[in-house]
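Participant: curious how this folds, go ahead:
(one chain, ligands or ions: 2)
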Amino acid sequence: MNLRRIANRALDVLLPPQCPLCNGVVDAHGVLCGGCWQQIDFLGDPRCSACGLPFEFDIDPTEAVLCGACVREHPPFTRARAVMVYGNVSRKLVLAFKHGDRTDTAPALGRWLARAGRALIEDADVIAPVPLHWTRLFARRYNQAALLAGVVGEVSAVAVVQDMLVRRKRTPPQGRMGWAKRRRNVAGAFKVNPARRDALLGKRVLLIDDVLTTGATVAGCAKVLLRGGAAAVDVLTLARVVRAAV
Ligand SMILES: [Zn+2]
Ligand SMILES: [Zn+2]
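Facilitator: Ligands and ions are numbered 1, 2, ... in the order given. This is a model prediction of the structure:
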């Protein structure tokens, strides 16, 4: 822990908790104020039963319906679910959490994840985060996916294996890359930690990340987990990019 953090901790005791988006005063650390909460676009049914893309038309909730992209090629994971649409407001929230040292939001965000992913958690044997390369971990000091995985594990009592996956190579930031490029970028980027092979065998894994953009990262992780002996992989993220259907 560095000095700034210790100073922040000390300030926490003195200052009232602030909304991570607008810095307005709120009741508890890490929660949004009412105004910001209302601007978040929460995700729910109806949606693609595989990738979780929201549908604009109603479907029979007992039926599993796939979006066009998942019909063309089913992702390696079974289901991906997200708390909210990755839009202007949720983006600020995720970035504050990821780069802005607002780790005090982790418990609240983790509880959102646990609620949105209830069905996935019920089926999960083990929770694992998407790993950061150690050089990034060093620069950022924490892996946001690992923090979220920890909270989901705590509230759901499902075992968390933080180092189930490791990054083999440092992948360039995927910011503006398209799907095909992203897929090449993550190919071979992850592997199952040899020390965790036994913990993975025959297990249903719930993979946690902060944002699902094209799905290339979680698809890459899911493939590696399945090859390593996982029975199935579900994916739970805070936010998800939603583009107009193609
Ligand atoms: Zn606010
Ligand atoms: Zn889909």
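Participant: right, and residue 109 touches residue 236 too?
Facilitator: No - applying CB atoms under 8 Å as the test, residue 109 and residue 236 come out as separate, 11.5 Å apart. Placement of C-beta: from N, CA and C, glycine included.
Participant: how about the strands in this protein?
Facilitator: Secondary structure of the chain by DSSP state E: the strands cover 80-85, 126-129, 159-160, 165-167, 190-192, 204-212, 232-240.
Participant: rebuild these as a markdown table, extending it with distance to ligand 1, mean pLDDT and mean neighbour count.
Facilitator: Formatted as a markdown table, the strands of the chain follow (distance: least, CB to the ion, whole Å; pLDDT from 0 to 100; neighbours: other CB atoms under 10 Å):
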| stretch | distance to ligand 1 | mean pLDDT | mean neighbour count |
| --- | --- | --- | --- |
| strand 80-85 | 15 | 97 | 23 |
| strand 126-129 | 27 | 98 | 26 |
| strand 159-160 | 30 | 97 | 16 |
| strand 165-167 | 34 | 92 | 20 |
| strand 190-192 | 36 | 94 | 20 |
| strand 204-212 | 20 | 96 | 24 |
| strand 232-240 | 17 | 97 | 26 |
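Participant: just send those strands back as CSV, with distance to residue 22 too.
Facilitator: Converted to CSV, the strands of the chain look like this (distance: least, CB to CB, whole Å):
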stretch, distance to residue 22
strand 80-85, 17
strand 126-129, 28
strand 159-160, 32
strand 165-167, 35
strand 190-192, 36
strand 204-212, 21
strand 232-240, 18
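Participant: residue 183 is nearest to which of these?
Facilitator: Residue 183 lies closest to strand 190-192 among the strands of the chain, at 12.9 Å (CB to CB).
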